[in-house]
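**Q** A structural model of the following input is requested.
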Amino acid sequence: MDSTFNYPRLASRTPISNEATLSESLFDSMLTLERLRAERSQKPFVLMLLNAHAENATAVRILKQAAEVALANKREIDLVGWYSQHTTVGIIFTEVNLERDRPVPEILRAKIATALIKHLGRDHAAKIDISVHVFPESLDRNQSDRVAGSRLYPDLDPNVPGERFPVVAARETEIADTAAMLFVLPPLIALIAAFLKLTSETP
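**A** Numbers count the residues shown, from 1 in each chain. Okay, here's the model as predicted:
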């Protein structure tokens, strides 16, 4: 197994990280940026979601512990934050290599699940639901879990005009500029060519 997925081992039930978990708004922003980067570069990333809906009263405490486990088990380039505040913890594993004999999403799921059991105990770990999603989706050859929802595409959500408007406006501006250039450039080039022909002594 390559070193990309060799995460630190945890001592069971001990304090494991002082690193901060990203807030929901910051995690959303980083997720959008990572998705746009992956679509441009075609270098995939994996989003893992941990939730404990069934645990009710103690869900927040368990998820905070789960976030600490995730922080201790990520690479420096990975991100951990609240996908949904006090409801779902998200982990972004950036620039993963999908060309492996064993599906990368399953490797990551097994690593995090094992770490949760070591730190939280089997009973509490069993209350955390783990889902895994690969982006861009076209690169997911191993059929990981389906897309978590429109929250992964906030810049494309028609119900969030504040998020969508800058993207649409930028695209419309690009189209208008291109159209203007198509109308302006040909006559301008012809005029320059005629001027050169009239003023130059060479053919």
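**Q** domain ranges for the protein?
**A** 3-152, 158-203 (automatic domain parsing).
**Q** Comparing the ones you listed, which yields the minimum mean pLDDT?
**A** Comparing mean pLDDT across the domains of the chain, the lowest value falls on domain 158-203: a mean of 67.
**Q** which residues in the protein form strands?
**A** In order along the chain, the chain carries the following strands (DSSP state E): 45-51, 79-84, 88-93, 129-135.
**Q** which one of these is the most hemmed in?
**A** Between those, strand 88-93 has the highest mean count of neighbours, a mean of 25, where neighbours are mean count of other Cβ atoms under 10 Å. To be clear about C-beta, it is placed using only N, CA and C from the backbone, and glycine gets the same treatment.
**Q** ok and it relative to strand 79-84, angle-wise?
**A** Note on geometry: by axes from the mean of the first three to the mean of the last three Cα atoms, to 10 degrees, strand 88-93 and strand 79-84 are set 150 degrees apart in direction.
**Q** Can you tell me what sits against strand 88-93?
**A** Taking Cβ atoms under 8 Å, 6 or more residues apart in numbering as the criterion, the residues outside strand 88-93 that touch it are 21, 27, 30-31, 34, 45-51, 63, 66-67, 70, 74-75, 78-83, 108, 112.
**Q** isn't N51 right up against V60?
**A** No - judged on Cβ atoms under 8 Å, N51 makes no contact with V60 at a distance of 11.4 Å.
**Q** which neighbours do those two share?
**A** Shared contacts of N51 and V60, defined by Cβ under 8 Å, 6+ apart, are absent.
**Q** Many thanks, we can stop here.
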